[in-house]
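Student: Just to be clear, the model below is a prediction. Sequence and coordinates:
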Amino acid sequence: MKTKLLSSCIIALLTQFAFAQKKLPIIKANSIEVDIRDDQKLTKKAWRIVPEEKLDVYVTSGKRVTFYTDVDSISFKIDPKVEKYDFIILLNGKDTAKTQIKYQPSRLAQLKKAEKYNYSDNRFIPAFTYQSKDHPDLVKVRKELKLDSIAGKGTELSQIFNLMHWVHNLIRHDGSSNNPTLQNAIDLIKVCKAENRGVNCRMLATILNECYLAMDIKSRHITCMPRESKFDDCHVINMVYSKDLNKWIWMDPTFDSYVMDEKGNLLGVQEVRERLIKGLPLVLNADANWNRTNLQTKEEYLEKYMAKNLYRLQTPLTSEYNTETSVRGKNITYVELLPLDGIEQTPQLKEVNYEKSGVKFIQYKTNNPNLFWTKPE
């Protein structure tokens, strides 16, 4: 009797499940490629149908999303309170791909929630240091790369721009490339030429950072990260201190970009972040581009990509030649600036030893922007 009852329950559940499945909207497709319109933006071949996936999820912060197959389409008006919209794509009349459109707030909306810092956070952070231009390694960088000629004899700002343009044009960006073992300007440029390859944004910022230091321009590379601690994309740019302007300014060799306010004043990372949060005007240089092919827009580069990556900021404590090249017995120290609603506020000091490389990584955290953006002495 119990067996029959159990069997009846299972059949009932399966029937309910099958019924639920039948209620899902179904669109047909003969091609695995799908176009998607997210609000007003139509992206061709934005999606691939993969029936093997248990559930394929498309994430949006838009108000209306439409999927276009080669023979059919389906559209949803997105309600943030509903969050999820399920449907099925029937491929070639036989393979079903369960698909979901999932709402999440835009990265800019998330960044706006991260406005608050603690300017009274006085937890200990060691002093930031910058290698002297007279250090033999930086003298070598300056001479071998002929930086005096590249930077030119103009103003400080013209030299800052000339060096960034040169790095951007010299080496292409390849975000999927592996980092070379020797991570300094001279060796990175050599390996790119020898192997006809590009490097990721971190290596481009490393090259530019050493060029600035070699020309007596204080600079650090800065890792711009999203809120989540586990992520598959971040971005690395340079924070460069202009003596003439008496401030940090934004320089991004990957996109050959810098940012201004509505009056043409150059802005630093902190100012860009604040203006994004407050909705104040931002101007991206008109020739900002990726690999000299795709021009960048303020909307795509700042309001979407960098809004995602300005949640948390991290920079090396010591800015020098070979900052991140692994050498046994070496300590590499970072400082992370995070807002008060950042996920991982502790520990404030963390040390990790990697036995394979023999390198110790030390990380400090702070909620105080004034400590993070301390002016060079």
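Tutor: Received it, and whenever you're ready, just let me know what you need.

Student: for stretch 209-224, which positions count as buried?
Tutor: Across stretch 209-224, burial judged by 16 or more other Cβ atoms under 10 Å covers 209-215, 217-224. Bear in mind the C-beta positions are built from the backbone N, C-alpha and C, glycine included.

Student: Show me the residues you listed that map onto strands.
Tutor: Using DSSP state E, 219, 220, 221, 222, 223, 224 are the members of the buried residues of stretch 209-224 that sit in strands.

Student: closest to residue 73 among those?
Tutor: Among those, residue 224 lies closest to residue 73 (Cβ to Cβ), at 36.8 Å.

Student: what's the spacing between the closest one and residue 32?
Tutor: To residue 32, residue 224 is 34 Å away according to Cβ to Cβ, to the nearest Å.

Student: what about the nearest residue to residue 175 once chain neighbours are set aside, how many neighbours?
Tutor: Leaving aside its chain neighbours, residue 175 sits nearest to residue 200 (5.1 Å; criterion: Cβ to Cβ, 6 or more residues apart in numbering). Residues lying near residue 200 (other Cβ atoms under 10 Å) number 18.

Student: residue contacts, residue 200?
Tutor: By Cβ atoms under 8 Å, 6 or more residues apart in numbering, the contact set of residue 200 is 173, 174, 175, 176, 177, 179, 236.

Student: if we take those, which one ends up nearest to residue 339?
Tutor: Of these, the one sitting nearest to residue 339 (Cβ to Cβ) turns out to be residue 236, at 19.6 Å.

Student: mean confidence score for the helix or strand containing the closest one?
Tutor: Assessed by DSSP states H and E, residue 236 sits inside strand 235-242. For strand 235-242, mean pLDDT is 98.

Student: mind listing what it pairs with, with the direction of each?
Tutor: With DSSP bridges as the test, strand 235-242 is paired with strand 219-225 (antiparallel), strand 247-251 (antiparallel).

Student: Now tabulate those strands in a markdown table and tack on distance to residue 260 and mean pLDDT.
Tutor: As requested, the strands paired with strand 235-242 are exported to a markdown table (distance: least, Cβ to Cβ, whole Å; pLDDT from 0 to 100):
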| stretch | distance to residue 260 | mean pLDDT |
| --- | --- | --- |
| strand 219-225 | 18 | 98 |
| strand 247-251 | 9 | 98 |
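
Student: Tell me which of these sits nearest to residue 329.
Tutor: Closest to residue 329 of these, according to Cβ to Cβ: strand 219-225, at 22.9 Å.

Student: wait, what's in contact with the residue nearest to the spatial centre of the chain?
Tutor: In the chain, the centroid-proximal residue (Cα atoms, centre = their mean) is residue 234; its distance is 2.5 Å. The neighbours of residue 234, taking Cβ under 8 Å, 6+ apart as the test, are 223, 224, 225, 226, 309.
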